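Enquirer: predicted model, plus sequence, below.
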Amino acid sequence: MKKKQPTKSALRENEGVSNQEATSKNAILQLKKKRLEQPSAATLLEKILNRNTAALSQGITLIESHSPIHKEKAHTLIQSCLEHQKPSIRIGITGVPGVGKSTFIEALGTYLTELGSQVAVLAVDPTSTLSKGSILGDKTRMDALVRNPKAFIRPSAAGDALGGVARHTREAITLCEAAGYDVILIETVGVGQSETAVHSMVDFFLLLKLAGAGDELQGIKRGIIEMADAIIINKADGNNLTAAKLAKVEFNRALHLYPAKASNWTPKVVLCSALENKGIDAAWTLISDYIEQANKEGYFTKKRQEQNTFWLLQSIENQLKDQFFQDEVIAEELKTQKALIAANKRSPFAAAEYLLNLHKTRT
């Protein structure tokens with residue numbers, strides 16, 4: 001049987017489909033190519049200074065990159081932004097998971113924008129130790145603030161950094177200040193009693209607590225509570241209001257047991273319901289009072305100097321760690337040492353000492 005030949009109209013139709021597919025593929029390739037193109041540090045700086053949020057996000061992505069080819073450009077951008085930093089208030093906000101940090105931050109951020117402030121939120125999400133992934137869902141939880149033109153929200157993964165913040169949160173603060181955001185809110189992952197890193201990079205450290213969850217007992221413990229400049233008892237509404245009032249009394253008693261702070265500030269306890277938007281103004285008044293007192297006594301400037309010292313030490317630690325693990329010889333020898341440890345032929349301490357000495361001879 002003779003094979004039926006396609007009609008001219010069918011050929012034209014097939015040709016049209018092929019052209020559409022080719023055009024679509026070409027558009028996708030161009031889009032991918034454009035995404036791979038990185039603007040220069042000077043271009044990013046210019047846009048950041050004009051509060052271009054897309055450029056600000058690009059800049060933070062650049063400084064968070066692990067790629068060696070991005071390092072020099074990132075350093076140039078950070079240095080340039082340091083020269084254009086504008087006055088700001090840096091506020092660290094922490095609390096256990098479920099305490100309502102995101103809801104509180106959205107309520108506080110919205111309140112501040114209504115007062116005329118430009119608010120940047122740097123939210124740190126925990127990273128899975130298994131998959132190395134992170135949800136980065138803070139923008140979803142702060143829907144109203146995301147759409148606020150006076151606010152900028154940047155979620156980042158904590159990675160292997162400890163202390164509740166991401167490895168480059170300090171650098172991200174610098175970029176946000178260069179962009180003109182006058183209130184920087186840093187939301188930690190909420191790891192409990194070890195949020196020392198965020199305390200070392202903010203002007204005011206705010207601890208959110210819950211009533212009726214056993215938290216009152218934490219008031220007698222050293223650690224995160226003695227670092228707090230204020231305690232906010234969140235979810236003080238409905239049936240939980242009575243328990244929140246009792247918790248406030250207990251925390252006030254506990255705070256009096258601690259020695260005086262270097263700032264001569266006496267931490268306060270405030271009741272709040274971020275869901276019902278109650279107590280937000282009182283929380284901000286408390287922060288404003290602290291900043292005023294710290295400025296009057298010269299402590300604000302001293303604290304900023306301490307923050308820079310911490311940044312220096314943290315940067316040294318990060319760079320030494322990078323140099324060590326990016327050394328190809330060390331990477332190969334590390335495999336050998338792991339095998340020796342697994343076979344009980346060498347202790348982890350001895351293996352670490354051997355690798356460190358090896359690295360020392362190579363630098």
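Expert: Structure received.
Enquirer: these two touch, right, Leu56 and Thr174?
Expert: No - at 11.3 Å, Leu56 does not count as touching Thr174 under the criterion of C-beta atoms under 8 Å. To be clear about C-beta, it is placed using only N, CA and C from the backbone, and glycine gets the same treatment.
Enquirer: which parts of the protein are strands?
Expert: 89-94, 119-125, 151-157, 183-187, 204-209, 230-233, 268-271 (DSSP state E).
Enquirer: what average pLDDT does the third one get?
Expert: Put plainly, it is strand 151-157. The average pLDDT within strand 151-157 is 88.
Enquirer: just the buried positions in it, please.
Expert: By neighbour count on 16 or more other C-beta atoms under 10 Å, the buried set for strand 151-157 is 151-157.
Enquirer: which strands or helices does that strand pack on?
Expert: Applying 3 or more C-beta pairs under 8 Å, 6 or more residues apart in numbering; DSSP states H and E, one finds that strand 151-157 makes contact with helix 53-64, helix 101-114, strand 119-125, helix 138-141, helix 143-146, helix 169-178.
Enquirer: out of the ones you listed, the one nearest Leu340 is which?
Expert: The stretch from those with the least distance to Leu340 (C-beta to C-beta) is helix 53-64; that distance is 34.8 Å.
Enquirer: what residues does the closest one touch?
Expert: Residues outside helix 53-64 that contact it (C-beta atoms under 8 Å, 6 or more residues apart in numbering): 38-39, 43-44, 47-48, 70, 73-74, 77-78, 81, 152, 154, 156, 166-168, 171-172, 175-176, 179.
Enquirer: what angle sits between it and strand 119-125?
Expert: For helix 53-64 against strand 119-125, the angle by axes from the mean of the first three to the mean of the last three C-alpha atoms, to 10 degrees is 40 degrees.
Enquirer: show the buried residues in the contacts of helix 53-64.
Expert: Counted by 16+ other C-beta under 10 Å, those give 44, 47-48, 70, 73-74, 77-78, 81, 152, 154, 156, 166-168, 171-172, 175-176, 179 as buried.
Enquirer: ok so, going back, want to throw the strands of the chain into JSON lines with distance to Ile224?
Expert: Below are these laid out as JSON lines (distance: least, C-beta to C-beta, whole Å):
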{"stretch": "strand 89-94", "distance to Ile224": "7"}
{"stretch": "strand 119-125", "distance to Ile224": "16"}
{"stretch": "strand 151-157", "distance to Ile224": "21"}
{"stretch": "strand 183-187", "distance to Ile224": "15"}
{"stretch": "strand 204-209", "distance to Ile224": "6"}
{"stretch": "strand 230-233", "distance to Ile224": "10"}
{"stretch": "strand 268-271", "distance to Ile224": "15"}
